[in-house]
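In: Here is my input; please provide its structure:
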Amino acid sequence: MAEETTIRPEQPVTSEAPVSHISGAEIAQPYQMLARSLDKLGQGLEEMATPLAEQAGYRAVTTDDQGNMTVARFPIFGEAGKAYARALKFSALAQADADSKRKDIEISRQYANNPEGYLKAANQYRDNVVQHVSGLAGPEVGLHLKNAIDTTTTYNYRRLWSEQQATIKRNFDKDTQWAVRVRPSSF
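Out: Residues are numbered from 1 along each chain as shown. Sure, this is the predicted structure:
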């Protein structure tokens, strides 16, 4: 018998792509849990940092050896940063207002019988200190400080003016009485 010369093809070799038995949601779940945990941790740290940042803001405003206000700035962000900024502004305004009242007493004593000189000196002081504080703590702090200084200056100017007018009147009355007493006897 003759040999068969036909070639029979063999079954082709095929492969299947691997099939995952884990869904995409199952893969993402641990990462979502980690993200939620980190969010809660961040919120807890923010709640803890806010009062600490506020206290740091109050302590950030100091006075140097020459009596000038200085402000220490720290890079604090988020709600804690907002609390720090509010406390810093409050502290700067409180300290500058107290300093300006002491300086106003000094200026009013220096110009005791000169209300116009007092007003000029007080306004010059106000302009300088408002510019300085605005640069350190912000323009809104400078604006509130300007208003506080203007209130004090107006009060003291009126007081000095009234005292000056009372002095002028006393001197006029005294001189008039002296002139009245001296004149009739000389006739």
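In: Which stretches in this structure count as helices?
Out: Residue ranges of the helices in the chain, as given by DSSP state H, are 24-59, 78-110, 115-137, 139-186.
In: buried residues in the second one?
Out: Using 16 or more other Cβ atoms under 10 Å as the burial criterion, the residues of helix 78-110 that qualify are 80-81, 83-85, 87-93, 95-97, 99-100, 103-104, 107-108. For glycine as for every other residue, the C-beta is placed from the backbone atoms N, C-alpha and C.
In: got the helices of the chain as JSON lines, with mean pLDDT columns?
Out: Converted to JSON lines, the helices of the chain look like this (pLDDT from 0 to 100):
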{"stretch": "helix 24-59", "mean pLDDT": "88"}
{"stretch": "helix 78-110", "mean pLDDT": "93"}
{"stretch": "helix 115-137", "mean pLDDT": "95"}
{"stretch": "helix 139-186", "mean pLDDT": "84"}
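In: And residue 14, how far from residue 55?
Out: Between residue 14 and residue 55 the computed distance is 72 Å (Cβ to Cβ, to the nearest Å).
In: same check, this time on residue 11
Out: Residue 11 is 80 Å from residue 55, by Cβ to Cβ.
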